[in-house]
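Q: any chance you could fold what I've pasted below:
(one chain, ligands or ions: 2)
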Amino acid sequence: MSIAVVMGVSGSGKSELCRRVVGRVGLGARWIEGDDLHPPENIAKMASGVPLDDRDRQPWLKKINARLHEVKGGASSECPVLVSCSALKESYREKLREGFEEGEVTFVWLHISDEAELQARLTGRSQHFMPASLVRSQLEALETPRGCVRLDATRPKEELAQILISHLSNRL
Ligand SMILES: Nc1ncnc2c1ncn2[C@@H]1O[C@H](COP(=O)(O)OP(=O)(O)OP(=O)(O)O)[C@@H](O)[C@H]1O
Ligand SMILES: O=C(O)[C@H](O)[C@@H](O)[C@H](O)[C@H](O)CO
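A: Ligands and ions are numbered 1, 2, ... in the order given. Next comes the predicted model:
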């Protein structure tokens, strides 16, 4: 199974990219939205303006990994699975790929370091729990991923979608 974890700080465009791509890379492709798997206390913490710490993120990462194994059990091997998850640290990425074979999980990093742009994106997003005040902590927590597919998150949305689609198509 081909799993692409679309990662990056809050506001980098993970959900937007997955939403655009999932219906266009083959019938049966799946998208797991990492934010949907946070325990309620994590959501409440972020909404109150306090960044998550390593301990908060452990059950969440474990749940995403477990969901991936479930999907693998039921999926056709030709169908890619997209995951949107910040995956900010190397230890988190290790947790996400636990139990998968070498090469089965690809990290696609939406790279952006422009704090003002990220804040503007989060401020412009309605009905979302993540406050723009947490952008700094996200950038501070991020550990540069190695061996990932790196995309410039400031490029137009559709251009990014096309790049990911062609990457996934080449892997099938
Ligand atoms: N390439 C882009 N250029 C300009 N705006 C973008 C781009 N990608 C996403 N956006 C916008 O930025 C905002 C944040 O995008 P999105 O919700 O996809 O980010 P995210 O990384 O999933 O954030 P979070 O981790 O907080 O859920 C949205 O309003 C989205 O439309
Ligand atoms: O690791 C984290 O701190 C979280 O995943 C955050 O990135 C939020 O889930 C997300 O940004 C909110 O949408």
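Q: get me the contact residues on this structure for ligand 2.
A: Applying C-beta under 6 Å from any ligand atom, we find that the chain lies next to ligand 2 at Ser10, Asp35, Leu52, Arg57, Ser86, Leu88, Met130, Gln138. In this view, the C-beta of every residue, glycine as well, is placed from N, C-alpha and C.
Q: so which helix or strand takes in the first one?
A: Here Ser10 sits in a region with no helix or strand, counting by DSSP states H and E.
Q: pLDDT value on it, please?
A: Confidence at Ser10, expressed as pLDDT, is 97.
Q: and the residues of the chain next to ligand 2, which is closest to ligand 1?
A: For the residues of the chain next to ligand 2, the closest approach to ligand 1 (C-beta to the nearest ligand atom) belongs to Ser10, at 3.4 Å.
Q: may I have the phi/psi pair for the closest one?
A: Per-residue torsions, Ser10: phi -60, psi 130 (degrees, to the nearest 10).
Q: this structure against ligand 1: which residues are in contact?
A: So far as C-beta under 6 Å from any ligand atom goes, the chain lies against ligand 1 at 8, 10-16, 35, 84, 86, 121, 124-125, 130, 153, 155, 157, 160.
Q: circling back: show me how to select, in PyMOL, the buried members of the residues of the chain next to ligand 2.
A: Of these, the buried ones can be selected in PyMOL as follows, counting by 16 or more other C-beta atoms under 10 Å:
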select buried, resi 10+35+52+57+86+88+130+138
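Q: helices - which of the residues of the chain next to ligand 2 land there?
A: Those of the residues of the chain next to ligand 2 mapping onto helices are Arg57, Gln138, per DSSP state H.
Q: which one of the residues of the chain next to ligand 2 sits closest to Leu168?
A: Nearest to Leu168 among the residues of the chain next to ligand 2 is Ser86, at 20.4 Å by C-beta to C-beta.
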